[in-house]
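**Q** Any chance you could fold what I've pasted below:
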Amino acid sequence: MRRPRRATEAIFKGVLTINVNRFFLLCLVLSVGAVLSSNAMAQPARQQLEQFSDGMETLRARFDQQVISTDGMVQDGSSGQVWLRRPQLFRFAYGGDYPEVVVADGKNIWIYDEMLEQVTVKGQSEAAANSPLMLLTDLAQLDSQFEVREVGDTDGIQLLELRSRSAETEFERILLGLRDNSLQLMVMEDAFGLRTELKFHDVEKNPQLESGLFTFEPPESADVIGEIQR
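**A** Okay, here's the model as predicted:
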């Protein structure tokens, strides 16, 4: 059975070398604010993005993800949970038929495919520069790395479009959808026409998180591909 392409492949595509029949993100590093405001619907997406990131040190959220091909067909659908600690630590856990864990520990990004018993590892400093997830933890990068444009409202969600200023990018466009000062949606469209959509739920801002969430030790039975940064 062909293994679906996941969001991790999309978010770090071109940074980590992974079998094209498998999936990658991210991610993510992802910061989602949960501050509610009665007038947030009227606020531009850029203003909501800045408010949602302000003061956020840790994050916990659930997500649903789809990868959609150029003909509009859903190639993969999955769900999971994400944890984040600023500035560089995160963990994505995917469930379903193809469980996968993605951990950034500050030095390395680990991708553990439980079904294949395979771990892919890459230095985090190399991957961070091209990750939309890292952007959300450091909004200072926004205007220097992207052309930013307000797109407008769809179903009560304010959209912000990001287009990379670099010619060497794997993403034609990134869309951030915000409502009530919280990130609701993240869409990444790559150079091959594939679209990865992440929808976020049950967002908790600044929860207490165990440090063990951001460490990873490859299982003895797993094959490890890549060079570990010490």
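
**Q** from here on, contacts and neighbour counts on C-alpha atoms
**A** Will do.

**Q** Residue 115: what's its closest spatial neighbour, skipping adjacent residues?
**A** Excluding its sequence neighbours, the residue lying closest to residue 115 (Cα to Cα, 6 or more residues apart in numbering) is residue 98, at 6.3 Å.

**Q** That neighbour looks like it's in a strand, true?
**A** No - counting by DSSP: H, G, I helix; E, B strand; the rest coil, residue 98 is not part of a strand but coil.

**Q** And it, how far from residue 165?
**A** For residue 98, the distance to residue 165 equals 35 Å [Cα to Cα, to the nearest Å].

**Q** and the two? which has more neighbours close in?
**A** residue 98 (16 against 13; other Cα atoms under 10 Å).

**Q** Dihedrals phi and psi, that one?
**A** phi -130, psi 70 (degrees, to the nearest 10).

**Q** Strands of this structure, residue ranges please.
**A** For the chain, the strands defined by DSSP state E cover 58-68, 74-85, 89-94, 100-104, 108-113, 118-123, 146-154, 157-164, 171-179, 182-190, 195-205, 223-225.

**Q** Which one, of those strands, ends up nearest to residue 215?
**A** In terms of Cα to Cα, the element of the strands of the chain nearest to residue 215 is strand 100-104, at 7.0 Å.

**Q** Walk me through which strands that closest one pairs with, and which way each runs.
**A** Strand pairing for strand 100-104, using DSSP bridges, gives strand 89-94 (antiparallel), strand 108-113 (antiparallel).

**Q** Any chance of TSV for those, columns mean neighbour count?
**A** Shown next, in TSV, are these (neighbours: other Cα atoms under 10 Å):
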stretch	mean neighbour count
strand 89-94	24
strand 108-113	26
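
**Q** okay if I get the ones you listed as a markdown table plus distance to residue 180 and mean pLDDT?
**A** Output for these, formatted as a markdown table (distance: least, Cα to Cα, whole Å; pLDDT from 0 to 100):
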| stretch | distance to residue 180 | mean pLDDT |
| --- | --- | --- |
| strand 89-94 | 24 | 93 |
| strand 108-113 | 31 | 95 |
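
**Q** could you dump these to a markdown table with distance to residue 216?
**A** Converted to a markdown table, the strands paired with strand 100-104 look like this (distance: least, Cα to Cα, whole Å):
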| stretch | distance to residue 216 |
| --- | --- |
| strand 89-94 | 10 |
| strand 108-113 | 7 |
